[in-house]
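> Quick check, what structure comes out for this input:
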Amino acid sequence: MLKKVFASAVFGVEASTVTVEVNTDKGVGYHLVGLPDNAIKESNFRIAAALQNNGYRIPGKKIIINMSPADLRKEGSAYDLTLAIGILASSRQIQAENLEKYLIMGELSLDGSLQPLKGALPIAVKAREEGFKGFILPVQNAKEAAIVDNLEVYGVENIKQVIDYFDKGEALEQTIINTREEFEKNLDFPEFDFSDVKGQEGIKRCMEIAAAGGHNIILIGPPGAGKTMLAKRLPSILPPMTLNEALETTKIHSVVGRVKDSGLMAQRPFRSPHHTISNVALVGGGSYPQPGEISLSHNGVLFLDELPEFKREVLEVMRQPLEDREVTISRAKFTVTYPSSFMLVASMNPSPSGYFNDPNAPVTSSPAEMQRYLSKVSGPLLDRIDIHIEVTPVPFEKLSDDRKGETSVDIRKRVTKAREYQTQRFTESGTVHYNAQMNTKQIRKYCALDEGSKQLLKTAMECLNLSARAYDRILKVARTIADLEGAEHIDGSHISEAIQYRSLDREGWLG
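Residues are numbered from 1 along each chain as shown. Modelled structure (predicted):
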């Protein structure tokens, strides 16, 4: 007897429906076709034990299972439950009249209990698009899938519950979540707050500008100056995520199985990979491509501490994603695109010893050593970073001051207001949402300068020998500074402040 059960395969951050056709006939044998990987080929042992421990069995007949479309590679152990229910229905051990209305997935343990799967959210989105009535999956993933409305989501703990639902009509408990209510409930602030930072008012100003315009920023300073402390607090002043951003971010984290029990991610991601990371782990890839750190940072912050310690080839692969805000991974038979619109925050010491060329420093480096160390980071990569700022150590008087600084809540209000101006400005553009995303045409339109500002920028370009890309970066940052002040036009003060934030373009840094 032929029975069809439906599952799904995740491809990039999208899912494709897989039809599992199970045919039971006279004879002996178990044949599984349709490009399954080793984890799926081993499923018959898990299924046999799980069914036996729950009072059922794999029939001693010829079983042919086809996973359609047959030319699409299927991987992972999440098809165990799909195959098991298909075998029971095909061998008439259970009655399953409404099987075609449900998408069923989950990994089986030998006692029949279910283990969580990856990609529950994109699978649920696809199930709703294709008109399925419900989605049956492990209870650990139920909240994640229930984010999708107009789809009945049933979280189950054991295969026996699924069998009894189809065979005996016993009810399953539906998981229902008010997505917007759940999202707004989790919009609290991270544990790190800018009020903890003593002194560093100028650096806080830079971080505020970076957050307001979505600009990439690099912090240069000696050990203990507060670079990491400042970077960790940046997400606390970024505008709250919109519901669409939260869904997009959750979908990426769902693919790699990193969504917590709350289901929808309400906090912007903050990723801080170690400097030994490979280029595949950073950008994404592998035989069956998975998102890398830059995609897991989508709509959030990617923090690269001690930038020159990263391998040069690892940093260079970021150049294209920084410009295009997406990363495309190509293989012989397919291409996968992951979104990667993130804020890059990098920190570095000015020399191998960690200190400036200062005779009073504990350890000093010669100018030649500093030059060699700084040259590990390429000019083209630094060109793509809008703000370069020096971080100096905090004096004792400020460290010992008991007064609290400005809180992240107060800074966030100004940042959010500046972002609102940008949202209104870019209403007609579906892809640009803040200043850092502006293309050349938009820069010319929204960053027009008066004669005095043009002359000031021309002098800076000639003195610092800036590239055309650096010229655009200065205009973008100046536009953000004007937005923070609520100014309609960019003036000389905005341009002069933006020029100050190009430390690494000045003579004495990179030549």
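> show me where pLDDT drops low in the stretch 51-200 of the chain?
182-190 (pLDDT under 70).
> Tell me where it has strands.
Remark: strands assigned in the stretch 51-200 of the chain by DSSP state E, counting those that start in this stretch are 62-68, 102-104, 107-108, 114-115, 134-138, 152-156.
> list the helices and strands the second one packs on?
So the one you mean is strand 102-104. strand 2-11, helix 80-90, strand 134-138 (3 or more Cβ pairs under 8 Å, 6 or more residues apart in numbering; DSSP states H and E). (C-beta placed from N, C-alpha, C; glycine too.)
> any chance of these in a markdown table, with mean neighbour count too?
Shown next, in a markdown table, are the helices and strands packed on strand 102-104 (neighbours: other Cβ atoms under 10 Å):
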| stretch | mean neighbour count |
| --- | --- |
| strand 2-11 | 21 |
| helix 80-90 | 27 |
| strand 134-138 | 24 |
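> picking that back up, with respect to Gly284, which of the strands of the stretch 51-200 of the chain lies nearest?
The minimum distance between Gly284 and the strands of the stretch 51-200 of the chain falls on strand 107-108, with 23.9 Å, by Cβ to Cβ.
> circling back to that earlier point, just put the helices and strands packed on strand 102-104 in CSV and tack on distance to Gly169.
Below are the helices and strands packed on strand 102-104 laid out as CSV (distance: least, Cβ to Cβ, whole Å):
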stretch, distance to Gly169
strand 2-11, 18
helix 80-90, 15
strand 134-138, 14
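> now for the ones you listed, which one comes closest to Glu428?
Nearest of the helices and strands packed on strand 102-104 to Glu428, taken as Cβ to Cβ: strand 2-11 at 32.2 Å.
> how distant is that closest one from the center of its chain?
Strand 2-11 has its C-alpha centroid displaced from the chain centroid by 27 Å (Cα atoms, centre = their mean, to the nearest Å).
> Quick check: closest non-adjacent residue to the residue most central in space within the chain.
Centrality entry for the chain: nearest residue to the mean C-alpha point is Leu296, 2.4 Å, by Cα atoms, centre = their mean. Leaving aside its sequence neighbours, Leu296 sits nearest to Arg271 (Cβ to Cβ, 6 or more residues apart in numbering; 5.5 Å).
> Could you give the bridge partners of that neighbour?
Counting by DSSP bridges, Arg271 is bridged to Leu302.
> just checking, it touches Ser295?
No. With contact defined as Cβ atoms under 8 Å, Arg271 does not reach Ser295; the gap is 9.6 Å.
> more crowded one of these two?
Legend: neighbour count by other Cβ atoms under 10 Å for Arg271 and Ser295, higher for Ser295 (31 against 18).
> Isn't the more buried one up against Pro339?
Yes. Applying Cβ under 8 Å, one finds Ser295 in contact with Pro339, separated by 6.5 Å.
> shared neighbours of the two, anything?
Common contacts of Ser295 and Pro339 (Cβ atoms under 8 Å, 6 or more residues apart in numbering): Ile252.
> what's the burial count for the closest residue to Lys160 other than its chain neighbours?
Counting by Cβ to Cβ, 6+ apart, Lys160 lies nearest to Asn54, which is 5.0 Å off, once chain neighbours are set aside. Asn54 has 15 neighbours, counted by other Cβ under 10 Å.
> now do Glu420
Counted with other Cβ under 10 Å, Glu420 comes out at 12.
> That one: which element?
Using DSSP states H and E, Glu420 sits in helix 408-425.
> Give me the helices and strands touching that helix, please.
Contact partners of helix 408-425 among helices and strands, from 3+ Cβ pairs under 8 Å, 6+ apart: helix 201-213, helix 468-485.
> picking that back up, who are the contact partners of the residue nearest to Leu296?
Residues in contact with Arg271 (Cβ under 8 Å, 6+ apart) are 293, 296-297, 300-303.
> ok, so of those, who is nearest Ser467?
Distances from Ser467 to the contacts of Arg271, taken as Cβ to Cβ, are shortest for Leu302 (23.1 Å).
> Report pLDDT for that closest one.
For Leu302, the pLDDT comes out at 96.
> now Asn357
55.
> related to what we said a few turns ago, got JSON lines for the helices and strands packed on helix 408-425, with mean pLDDT and distance to Leu457 too?
Formatted as JSON lines, those follow (pLDDT from 0 to 100; distance: least, Cβ to Cβ, whole Å):
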{"stretch": "helix 201-213", "mean pLDDT": "93", "distance to Leu457": "17"}
{"stretch": "helix 468-485", "mean pLDDT": "91", "distance to Leu457": "7"}
